[in-house]
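Participant: Sequence and predicted model, in that order:
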Amino acid sequence: MIAGSPDRMRRKAERLGFTIVELLIVVVVIGILAAIVTVAYTGVTQSANASAVADGFKKFEKAMRLFATSQGYTSWPTDSTITGGGNPNIASLIASAPGFSNYMQSPPNVAGISSALWRYDNDGDTYNGCSASLAGTSIYVSSFPDTALAQQVDNILDDGDLTCGRMRWGGSAGSTLLFSLSNDGTL
């Protein structure tokens, strides 16, 4: 018998390749793993964005509190007192409020939310919800991207209920995320 007979070579070649079923199983397993990684990545990204937004609210609250105290205010300054206009965005506060840049150098830029959308509000506006209205001083983000992200931010900073507490969702456009600094104007 010759060492390289055609039958022997054919059988050896058949054993070296993969069947279509084996290849399909590998493709399906890779697809399942990719789906799991994608879902996990999306969840981690959403949590990171919520933490960044919550951190933006807390940083601004702290900066505004330090600014107001250093300027001798006993209550939160009104919009017109510090910038001459109503509901200024944070970039305007940094640029126009004397000394505010000592406490905050740039507006929050998180989760794809433009820094121009972050605003300070202390001009007597009232926000409804819960069993009572929310009046006083607040920071809000207009055109907030989605309710699920707002809910996660509320879970971090408040009570988990976007209709009550310090964190509210709504506004005239239905997409404003508001964080109350004070109901009675006190620092």
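Facilitator: All right, it came through fine. In this text the structure is predicted, and so the values were computed from the model without any measurement.

Participant: all helices for the protein, in order.
Facilitator: Secondary structure of the chain (DSSP state H): helices at 6-16, 20-70, 79-83, 90-96, 147-157.

Participant: now the ones you listed as TSV including distance to Thr163, mean neighbour count and mean pLDDT?
Facilitator: All C-beta atoms are positioned from the backbone trio N, CA, C, and that covers glycine. Formatted as TSV, the helices of the chain follow (distance: least, Cβ to Cβ, whole Å; neighbours: other Cβ atoms under 10 Å; pLDDT from 0 to 100):
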stretch	distance to Thr163	mean neighbour count	mean pLDDT
helix 6-16	66	9	67
helix 20-70	18	14	90
helix 79-83	25	18	82
helix 90-96	25	18	88
helix 147-157	10	18	93
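
Participant: and Ser106, how many neighbours does it have?
Facilitator: Neighbours of Ser106 under the rule other Cβ atoms under 10 Å: 10.

Participant: cool, the one 4 residues further on as well?
Facilitator: Residues within reach of Val110, counting by other Cβ under 10 Å, total 18.

Participant: Now do the same contact list for the closest residue to it other than its chain neighbours.
Facilitator: Once flanking residues are discounted, Val110 sits nearest to Ala52: 3.8 Å by Cβ to Cβ, 6 or more residues apart in numbering. Taking Cβ atoms under 8 Å, 6 or more residues apart in numbering, we find Ala52 in contact with 108, 110-111.
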